[in-house]
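Colleague: have a look; sequence and predicted model below, questions after that.
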Amino acid sequence: MPLPRVTARTAIVASVLVFLALTALSIRVSLPWSDEGWFANPAYNLITRGTFGTEVLDPTAGFRTNKLTGIHEHTYWIMPLFPLAQAGWSEIAGFGLKRLRLLSLLWGLAILAAWWRINDKLTGRYAAAVAMAAMAVDFTITWSSSVARMDAMAAALGGSALAIYLTWRHKRLVAAVLVSQALVAAAGMTHPQAIGYLCGLVFLTLYLDRKRISWRHLAVGVLPYVIGGGLWILYISRDPAAFWAQFGGNAADRGLHLNDPLSIIHYQIAVRYLYDFGMAPDTQGFSHLKVFILLAYFGGLFYAIAQPAIRRAPGPRTLMLLAAAVLVPMMAIDREAQHVYLIHFVVWLISIASMSAVYLWQQTPRLRWALAAVAVVVTGVQVGTALSRAAHDPYGRDYLPVAEYLRQHVRQAQLAIGSAEFGYALGFDGVRLTDDQRLGFRSGKRPDFVVLDKNRYQEWIPQFQTSEPDTYRYITDMLARQFHPVMANGAYKLYERNGVE
């Protein structure tokens, strides 16, 4: 039974307004981090100097197996479309952290629109309305849509590809194939996790329309990849050795270790979900309540799998099979289950859980009070998480004081070594700021100021004691003998060289 038109419109408007409020709040208070500096640097260079390097990163500052050869001249370690989009956006809105975050908010709106259409097509308007409302308050979606990273863009492009195909396939199959594949190709040029959307789109096409697909459709579908791949290869040809060093190093050792099943279980269950939903070892207080969100999501998933009436219905069955086709490849190339990729998983969990909730509401009236209670608890925890972050205001309380001190004290001939987000204060040209967690041990650079951020430097430097003992001794001795602390808060420790004026 479809939702009345007014009710559907009201649900969409209300969800969008709530999403805008929560995401705008997150844009204002979220702590900046290295990724927001790394990926903005080539965009800034493109609009100011016509180059595409990342000068804030020191070439010697490789991490994991990642090598940064030629990073000042060419940015090869990430897919190119996101910084290109940032450059285009900056030409319109101006360059700056919060302005770049607004671009992610727009991609977040595209995610809501895409998933409204996907769920409307496969599970009906009731489930689509519930899913859209749940996505509008979900803390992982609002966070990803409020930081200057590429995950919201990739999720929006991938979700839009599926939505376009489902919408156009009956009457305009050629256009459906061309546009949906073009969107997936764009998602792939944004982030490698888009391999999941490609697998999902191929599955959806064959599952629904394998008897209608011809060589003409195949040729049309391949065209966006030929164009996109050709342009990327043209850029790679400027310095193939740097490409293999940067991109190859960044891609290395990320896939699942099939010979270690216990590590797969640990990362894919504990790290991907439990840690981010309030059960990480360092989680305290209210944050533990986020586990109720996870229980609701997976409860809906397991019910859908166990309920024959849902499994047999064409639309819901398609949604669940499509989820598997998308998420299994994403898990396969993401051994560490990084939290920034969670947005790609949550949209599926929410959609399936919403489908289960609507089915229970319609088929089992006596459980409506329980469903309403779950909705109230989940929504309360989601909103409470956003308000808790706003109350702490790490942007205003932690980042701004350090950024302002550096802006006032680091002179043109001086150097600060610290995480790339301080490029918004000191510039991204690598002159007054260099991002190098070895603090100049390899490069020979002599910093006048050092900022140790909690997310990277404070975590990575102690690991050098085992992996790089000489680096660790250099850092600890230099900070102890040549520097004195200036400022410390929950996110940063700021040091200044003795005698610096």
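Modeller: Received, thanks.
Colleague: tell me where the stretch 51-200 of the chain has helices.
Modeller: Counting by DSSP state H, counting those that start in this stretch, the stretch 51-200 of the chain has helices at residues 81-93, 97-123, 125-137, 139-144, 151-168, 173-188, 195-209.
Colleague: tabulate those in TSV, adding columns for mean neighbour count and distance to residue 273.
Modeller: All C-beta spots, glycine's among them, are computed from the backbone N, C-alpha and C. TSV is the format used below for these (neighbours: other C-beta atoms under 10 Å; distance: least, C-beta to C-beta, whole Å):
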stretch	mean neighbour count	distance to residue 273
helix 81-93	18	26
helix 97-123	22	20
helix 125-137	24	16
helix 139-144	27	10
helix 151-168	26	17
helix 173-188	22	23
helix 195-209	20	17
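Colleague: can I get those helices in CSV with mean pLDDT?
Modeller: Shown next, in CSV, are the helices of the stretch 51-200 of the chain (pLDDT from 0 to 100):
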stretch, mean pLDDT
helix 81-93, 97
helix 97-123, 98
helix 125-137, 96
helix 139-144, 97
helix 151-168, 98
helix 173-188, 98
helix 195-209, 97
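Colleague: CA-only coordinates of stretch 91-105 in PDB, if you can.
Modeller: Extracted C-alpha coordinates of stretch 91-105, given in PDB (Å, rounded to 0.1, in the frame of the first residue of the first chain):
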ATOM      1  CA  GLU A  91      35.900  28.200  -7.800                       C
ATOM      2  CA  ILE A  92      32.300  28.700  -7.000                       C
ATOM      3  CA  ALA A  93      32.200  28.800  -3.200                       C
ATOM      4  CA  GLY A  94      35.700  29.800  -2.300                       C
ATOM      5  CA  PHE A  95      38.400  27.700  -0.700                       C
ATOM      6  CA  GLY A  96      38.300  26.900   3.000                       C
ATOM      7  CA  LEU A  97      37.700  24.000   5.400                       C
ATOM      8  CA  LYS A  98      34.000  24.600   6.100                       C
ATOM      9  CA  ARG A  99      33.300  25.500   2.500                       C
ATOM     10  CA  LEU A 100      34.800  22.200   1.300                       C
ATOM     11  CA  ARG A 101      32.700  20.500   4.000                       C
ATOM     12  CA  LEU A 102      29.600  22.000   2.400                       C
ATOM     13  CA  LEU A 103      30.400  20.100  -0.800                       C
ATOM     14  CA  SER A 104      30.100  16.800   1.200                       C
ATOM     15  CA  LEU A 105      26.800  18.000   2.600                       C
END
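Colleague: centroid-nearest residue for this protein?
Modeller: Centroid-nearest residue in the chain, with C-alpha atoms, centre = their mean: residue 151, separated by 3.2 Å.
Colleague: right, and that one touches residue 341 too?
Modeller: Yes - the pair residue 151 / residue 341 is scored as a contact, 6.6 Å apart, by C-beta atoms under 8 Å.
Colleague: rewinding a little: of the helices of the stretch 51-200 of the chain, which is nearest residue 381?
Modeller: Evaluated over these, closeness to residue 381 peaks at helix 139-144, with 8.5 Å, by C-beta to C-beta.
Colleague: between residue 151 and residue 341, what contacts are shared?
Modeller: residue 193 (C-beta atoms under 8 Å, 6 or more residues apart in numbering).
Colleague: any regions of this protein where pLDDT drops low?
Modeller: 1-6, 258, 337, 501 (pLDDT under 70).
Colleague: hmm, 90 instead?
Modeller: Counting by pLDDT under 90, the chain contains low-confidence ranges at 1-11, 62-67, 249-288, 332-339, 430, 455, 499-501.
Colleague: mind giving me the domain ranges of it?
Modeller: Domain ranges of the chain: 5-392, 395-497, per automatic domain parsing.
Colleague: count of neighbours near the closest residue to residue 278 other than its chain neighbours?
Modeller: Leaving aside its sequence neighbours, residue 278 sits nearest to residue 290 (C-beta to C-beta, 6 or more residues apart in numbering; 3.5 Å). By other C-beta atoms under 10 Å, 23 other residues sit near residue 290.
Colleague: with residue 257 instead?
Modeller: Residue 257: 12 surrounding residues under other C-beta under 10 Å.
Colleague: residue numbering should commence at 31 henceforth.
Modeller: Taking 31 as the first residue, the last one we looked at is residue 287.
Colleague: so it touches residue 297, yeah?
Modeller: No - with contacts counted by C-beta under 8 Å, residue 287 stays clear of residue 297, the gap being 9.2 Å.
Colleague: hey, what's in contact with both of the two?
Modeller: residue 365.
Colleague: and residue 516, which of the three is it?
Modeller: strand (DSSP: H, G, I helix; E, B strand; the rest coil).
Colleague: how close does it sit to residue 252?
Modeller: For residue 516, the distance to residue 252 equals 57 Å [C-beta to C-beta, to the nearest Å].
Colleague: grab the nearest non-local neighbour of residue 128.
Modeller: Nearest non-adjacent residue to residue 128, counting by C-beta to C-beta, 6+ apart: residue 57, 5.9 Å away.
Colleague: that's a strand at that neighbour, yeah?
Modeller: No - per three-state DSSP, residue 57 lies outside any strand segment and is helix.
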